[in-house]
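Peer 1: Okay, here's the prediction I keep looking at, along with the sequence it came from:
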Amino acid sequence: MVVTAADGSELTVDREEGDPQVGDTASPDGEFVLDDGTVIMVEEGIITDIIPAGDGETTAEGDELDENELVEEVETLTEQNEQLEERVTELEEELEAKRGARVLSSDERVILAKVAKAGGRAWLDKVLASKSTFNASNRRFVETGSSARRTTGETATQRKIREQKAEAARRRAARK
């Protein structure tokens with residue numbers, strides 16, 4: 001006989017009349033749900049289990065659950081849900097706090113690393129508080145040498161250049 005499942009697949013059972021029974025030879029292997037909700041399980045060509053429609057709640061493994069197990073499962077899931085909601089709240093607060101934070105550039109990270117290596121904030125405060133003692137009060141031009149040269153307006157460097165030019169001109173004239 002051929003039995004058609006709710007999804008349209010066909011199950012062939014070696015029985016001429018009546019409903020399929022556990023132990024009957026059938027093909028193909030698998031789990032077949034009939035239109036009335038009855039589940040027929042076939043393994044290695046033999047019907048291993050027939051679960052009537054509405055025969056209690058089942059888990060994914062096919063084991064029946066009693067009322068106490070269902071209550072425990074609901075309590076466990078409720079507790080897990082509460083823990084997850086608390087964690088989501090914590091993460092949302094953390095995210096909100098970080099949204100206002102500024103991200104450091106690579107140059108800023110390098111500078112901060114160097115300051116930390118040099119001594120940190122205490123070192124930086126010390127460097128920023130230090131002041132120079134340099135005094136540029138004697139930065140006036142003071143001419144040295146005889147007063148005779150001062151009147152001509154020629155400096156020692158200008159005189160040296162003039163003398164070297166005259167010497168070079170004398171040598172050129174001597175070679176000719």
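Peer 2: Received, thanks. Numbering: from 1, shown residues only.
Peer 1: for the protein, where's the lowest mean pLDDT among helices and strands?
Peer 2: None of the helices or strands of the chain scores lower by mean pLDDT, DSSP states H and E than helix 147-152, at a mean of 54.
Peer 1: helices or strands up against the helix or strand in which Lys117 is found?
Peer 2: Using DSSP states H and E, Lys117 sits within helix 106-118. Counting contacts by 3 or more CB pairs under 8 Å, 6 or more residues apart in numbering; DSSP states H and E, helix 106-118 is packed against helix 120-129. C-betas here are computed from N, CA, C, even on glycine.
Peer 1: What lies in contact with the helix it packs on?
Peer 2: 115, 118-119 (CB atoms under 8 Å, 6 or more residues apart in numbering).
Peer 1: repeat that for 10 Å
Peer 2: Helix 120-129 is contacted by residues 112, 115-119 when judged by CB atoms under 10 Å, 6 or more residues apart in numbering.
Peer 1: Stretch 162-176 now?
Peer 2: Glu154.
Peer 1: Restrict it to CA atoms and write it as PDB.
Peer 2: Extracted as PDB, the C-alpha positions of stretch 162-176 are listed here (Å, rounded to 0.1, in the frame of the first residue of the first chain):
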ATOM      1  CA  ARG A 162      90.700  94.500  -0.900                       C
ATOM      2  CA  GLU A 163      94.300  93.400  -0.100                       C
ATOM      3  CA  GLN A 164      93.700  89.900  -1.600                       C
ATOM      4  CA  LYS A 165      92.200  91.400  -4.900                       C
ATOM      5  CA  ALA A 166      95.200  93.700  -5.200                       C
ATOM      6  CA  GLU A 167      97.700  90.800  -4.700                       C
ATOM      7  CA  ALA A 168      95.800  88.700  -7.300                       C
ATOM      8  CA  ALA A 169      95.900  91.600  -9.800                       C
ATOM      9  CA  ARG A 170      99.700  92.100  -9.200                       C
ATOM     10  CA  ARG A 171     100.400  88.300  -9.900                       C
ATOM     11  CA  ARG A 172      98.400  88.400 -13.100                       C
ATOM     12  CA  ALA A 173     100.400  91.500 -14.300                       C
ATOM     13  CA  ALA A 174     103.700  89.800 -13.400                       C
ATOM     14  CA  ARG A 175     102.800  86.700 -15.500                       C
ATOM     15  CA  LYS A 176     102.200  88.700 -18.700                       C
END
